[in-house]
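In: Predicted model and sequence follow; I will ask about them next.
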Amino acid sequence: MSLAPADLLMLTWRSLRGNPVRSLLTTLGTLMGVAAVSATLNVGDISRAVIARRLDEREAPQVTAIPEWMGGDTWVSLQQSDIAYLQQRLPQAAVVSGLKWDGPREALFRDRSARPQLSLQ
């Protein structure tokens, strides 16, 4: 047994007019829920836009050259000329640097080199 559309509309109208406070609070709650969902979705979009903008503002890619390990205690040495060669071959890179992970060795960065002093205590 179903209601005709006209009867359903009449029942709805009577219910809304019969309980105005409940109808108002239900409407207000529904609007607040829709606003909360919309704000939550917008936070994600805004965050993605901010991250994309910050990544676009960054300089060109950076390159780090790590010497090849030849086995045992033998490493291919990284020279300043290697950094210059990479800078010449990779003009889009803002920075080309070299490093070695096996101890306090010479570090090459742009046109400078440094030998860090490490002390283990």
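Out: Here it is on my side, so go on.

In: Show me what the strand or helix carrying Leu24 is packed up against.
Out: Using DSSP states H and E, Leu24 sits in helix 20-57. Counting contacts by 3 or more C-beta pairs under 8 Å, 6 or more residues apart in numbering; DSSP states H and E, helix 20-57 is packed against no other helix or strand. Backbone N, C-alpha and C define where each C-beta goes, glycine included.

In: what is the mean pLDDT for that helix?
Out: Across helix 20-57, pLDDT averages out at 89.

In: Quick check: Ile83 vs Ser113, distance?
Out: With distances taken as C-beta to C-beta, to the nearest Å, Ile83 is found 9 Å from Ser113.

In: just Ser38 next, same as before
Out: 55 Å.

In: Of those two, give the one with the bigger neighbour count.
Out: Between Ser38 and Ser113, counted using other C-beta atoms under 10 Å, Ser113 has the larger neighbour count: 14 against 10.

In: Pretty sure that one sits against Ser81.
Out: No - contact between Ser113 and Ser81 fails when scored by C-beta atoms under 8 Å: they sit 11.6 Å apart.

In: Gln80: neighbour count?
Out: Gln80 has 13 neighbours, counted by other C-beta under 10 Å.

In: Surely it and Ala114 touch.
Out: No - in terms of C-beta under 8 Å, Gln80 does not count as a neighbour of Ala114; the distance is 11.8 Å.

In: what does the host helix or strand of Leu9 contact?
Out: Secondary structure assigned from DSSP H and E places Leu9 in helix 5-18. With contacts defined as C-beta atoms under 8 Å, 6 or more residues apart in numbering, helix 5-18 is touched by 3, 23.
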